[in-house]
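Trainee: sequence unavailable; structure follows:
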């Protein structure tokens, strides 16, 4: 690699920091509901499934919702660099509380982790962007490298933390997830020298961009805001279905799936690694597919991708239906049904999720750009809360009915979006075309 194409050393500091933070988060995500429903003699809290799934939804939801105040505090008080540091410390404290047995320590632990992730997660991505000057051709590749770190952490944490939790002890596993964040913080502290001038706190009263906030929105801007609000609804629907993974599907794997191979029982939490594994395997292929489709002048707009992705993800619940029917007839379900479901969920995610942030930056009016980004995180959080409530309903409605309902709703919702696609594209007034053209080239560059 030529000297000009080398990435800043700060990128690798942030890569490993985020890798260990995601190790912490996805390890926690993989075992939370399993810990909640485990009996007290087995080290759990002995909750009913509905209560456990509801809490899972609220917890993962607030992790994203707290990114809004986390971003505001970073912009106005701490700066992104120190917001990441503070967030990491909060996460470590949270995991330390979770190793304790009193119930107050459990609630304190969740609270600190929510606050910590809310401070760290949105700001570390901002730091990555701050490493590059405007127009630097290395920026997209830099974010791709950073994204790999996320998925490495997400891939290995359920395998390690999940195994420890299910076979040795839940609280040891919570502590291990915290050790991951501790390692990330050591890397971050030692690497601060490579982040000089990036993500610093703004001087008091100094505004980076002056915007005439009193100027009313134009007709074009109003149309674009309407399309953005519809895209936020897509986000809520998508994550409301997708996040059954760590909740209802996780419990289903624990209770009803045959996980015995040659006399050895695979931990249920290991299936949480299927999604990041498939992301690593399929990411380039999916990006290349859309890039080639763009070169052929076929439909590749953001709304189209989100609609298709939502339907493909929803089709994964047909696999869960098959698992449920097999359980009814034989008393158990084959593990390949869940693997197939996670495969389709990942394909759907790779179609829908990557375009969302780009879509917001293209369509949001300048004076509402930060607000719209905040609403995006809030929509993601609301999707997680919806996921928890849907999972909780399975206690009364039944798992087969919930899986069927999700499939039907996401299919109808996706078809409705495709029906409205022409109108929605017109309401973007050309901004969407920029995404189509630019997005296709970027995807091809990544695939190459």
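Mentor: That came through, no problem. Bear in mind the structure is a predicted one, so any value in this text is a computation, not a measurement.

Trainee: okay, now the unreliable bits of this protein?
Mentor: Residue ranges of the chain with pLDDT under 70: 1-5, 134-135, 140, 202-211, 213-214, 357-358, 361, 369-370, 432-448.

Trainee: skipping adjacent residues, who's closest to the residue at minimal distance from the centre of it in space?
Mentor: By C-alpha atoms, centre = their mean, the chain has its centre lying nearest to residue 380, at 8.1 Å. Leaving out its chain neighbours, the residue that sits closest to residue 380 by C-beta to C-beta, 6 or more residues apart in numbering is residue 64, at 4.5 Å. Just so you know, the C-beta spots here come from the backbone N, C-alpha and C atoms, and that holds for glycine as well.

Trainee: what is the neighbour count of the one you found?
Mentor: 24 (other C-beta atoms under 10 Å).

Trainee: so where does it fall, helix or strand?
Mentor: helix 49-65 (DSSP states H and E).

Trainee: now do the buried residues in that helix.
Mentor: 49-50, 52-65 (16 or more other C-beta atoms under 10 Å).

Trainee: show me what the helix or strand following that helix is packed against.
Mentor: Using DSSP H and E, the next helix or strand after helix 49-65 towards the C-terminus is helix 67-73. Where contact means 3 or more C-beta pairs under 8 Å, 6 or more residues apart in numbering; DSSP states H and E, helix 67-73 is packed against helix 80-98, helix 103-130, helix 369-397.

Trainee: hey, where'd the helices end up in the stretch 101-250 of the chain?
Mentor: Applying DSSP state H, counting those that start in this stretch to the stretch 101-250 of the chain gives helices spanning 103-130, 139-157, 163-167, 170-191, 219-242, 248-256.

Trainee: tell me how far the second one is from the chain's mean position?
Mentor: The chain centre lies 12 Å from the centre of helix 139-157; the measure is C-alpha atoms, centre = their mean, to the nearest Å.

Trainee: got a list of contacts for it?
Mentor: Applying C-beta atoms under 8 Å, 6 or more residues apart in numbering, the contact partners of helix 139-157 are 7-8, 11, 14-16, 18-27, 30, 125, 128-129, 131-132, 177, 180, 273, 275-277, 279-280, 442, 445-446.

Trainee: before we move on, back to that, reformat the helices of the stretch 101-250 of the chain as TSV; add mean neighbour count and distance to residue 428.
Mentor: Conversion of those to TSV gives the following (neighbours: other C-beta atoms under 10 Å; distance: least, C-beta to C-beta, whole Å):
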stretch	mean neighbour count	distance to residue 428
helix 103-130	21	24
helix 139-157	19	22
helix 163-167	20	46
helix 170-191	21	39
helix 219-242	20	6
helix 248-256	23	35
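
Trainee: ramachandran angles for residue 247?
Mentor: Dihedral pair for residue 247: phi -110, psi -100, per degrees, to the nearest 10.

Trainee: ok, now residue 293?
Mentor: phi -60, psi -40.

Trainee: number of residues surrounding it?
Mentor: What residue 293 shows, counting by other C-beta under 10 Å, is a neighbour count of 16.

Trainee: for residue 308, see how far away it is.
Mentor: Distance from residue 293 to residue 308, counting by C-beta to C-beta, to the nearest Å: 11 Å.

Trainee: again, but for residue 119
Mentor: 34 Å.

Trainee: check residue 256 too.
Mentor: In terms of C-beta to C-beta, residue 256 sits 30 Å off from residue 308.

Trainee: now do residue 49
Mentor: Counting by C-beta to C-beta, the gap from residue 49 to residue 308 is 32 Å.

Trainee: likewise for residue 185?
Mentor: Counting by C-beta to C-beta - residue 185 and residue 308 are separated by 40 Å.

Trainee: just residue 234 next, same as before
Mentor: Distance from residue 234 to residue 308, by C-beta to C-beta: 11 Å.

Trainee: one more: residue 395?
Mentor: In terms of C-beta to C-beta, residue 395 sits 32 Å off from residue 308.

Trainee: tell me which of these two has more neighbours.
Mentor: residue 308 (20 against 15).

Trainee: enumerate every residue touching residue 46.
Mentor: Neighbours of residue 46 in contact, by C-beta under 8 Å, 6+ apart: 37-40.

Trainee: that one in helix, strand or coil?
Mentor: coil (DSSP: H, G, I helix; E, B strand; the rest coil).

Trainee: need phi/psi at it.
Mentor: phi 70, psi 30.

Trainee: how close does it sit to residue 40?
Mentor: Residue 46 is 5 Å from residue 40, by C-beta to C-beta.

Trainee: returning to that earlier point: against residue 311, how distant is the residue nearest to the centre of the chain?
Mentor: 19 Å.

Trainee: give me the nearest residue to residue 386, chain neighbours excluded.
Mentor: Nearest to residue 386 is residue 240, by C-beta to C-beta, 6+ apart, at 3.5 Å.

Trainee: again with residue 232
Mentor: residue 379 (4.2 Å).

Trainee: check contacts around that neighbour.
Mentor: 232-233, 235-236.

Trainee: okay if I get these as CSV plus distance to residue 190?
Mentor: Below are the contacts of residue 379 laid out as CSV (distance: C-beta to C-beta, whole Å):
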residue, distance to residue 190
232, 39
233, 43
235, 36
236, 39
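
Trainee: which of these sits closest to residue 298?
Mentor: Residue 298 has its nearest neighbour among those in residue 235, at 24.3 Å by C-beta to C-beta.

Trainee: and the contacts of residue 46, which of them are buried?
Mentor: 37-38.

Trainee: now, the contacts of residue 46 that are in strands?
Mentor: With strands defined by DSSP state E, no entry of the contacts of residue 46 lies inside them.

Trainee: now render the helices of the stretch 101-250 of the chain as CSV, adding distance to residue 402.
Mentor: Compiled in CSV, those are given as follows (distance: least, C-beta to C-beta, whole Å):
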stretch, distance to residue 402
helix 103-130, 25
helix 139-157, 25
helix 163-167, 24
helix 170-191, 26
helix 219-242, 10
helix 248-256, 7
